[in-house]
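>>> predicted model follows, preceded by the sequence.
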Amino acid sequence: MACFLVPTGAAIVTTAVGKKVPEKYHINWLNSMLWGGVVMLAVEHISHGEIVLYPPFLTAGLPEVLPEMLRVGVPMTISIFLIWGIMVTVAARMSKRVKYVKA
């Protein structure tokens, strides 16, 4: 019910520092992946009644929320970062290959 809070925090940080990251790291890809996942999960949790649009917003208490954030949110966010890292690596290798072919 609160697993989306971990990628939300990561998305806020990466969006805030995005202008300072060199273009070769494609931080916009990471931001798109994080924010897209956050929106998708928020909609899913709202549709299942786990999140309500009035305070306290989360239908579960802190004892239920924290373990879910650690068990689901952290691995999910780490997976997004790993996939982004693979994408950046592949893009860098492909751009080197294109430069080599053109030369």
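Here it is on my side, so go on.
>>> tell me the buried residues in the longest helix seen in the chain?
Secondary structure assigned by DSSP state H gives helix 74-102 as the longest helix of the chain. By neighbour count with 16 or more other CB atoms under 10 Å, helix 74-102 contains the buried residues 76, 77, 80, 84, 88. Placement of C-beta: from N, CA and C, glycine included.
>>> ok, so of those residues, who is nearest residue 21?
residue 88 (10.8 Å; CB to CB).
>>> these two touch, right, that closest one and residue 29?
Yes - look at residue 88 against residue 29 with CB atoms under 8 Å: they come within range, at 7.4 Å.
>>> where does pLDDT dip in this protein?
99-103 (pLDDT under 70).
>>> can you put the buried residues of helix 74-102 in a markdown table and add distance to residue 48?
Below are those laid out as a markdown table (distance: CB to CB, whole Å):
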| residue | distance to residue 48 |
| --- | --- |
| 76 | 17 |
| 77 | 21 |
| 80 | 22 |
| 84 | 28 |
| 88 | 34 |
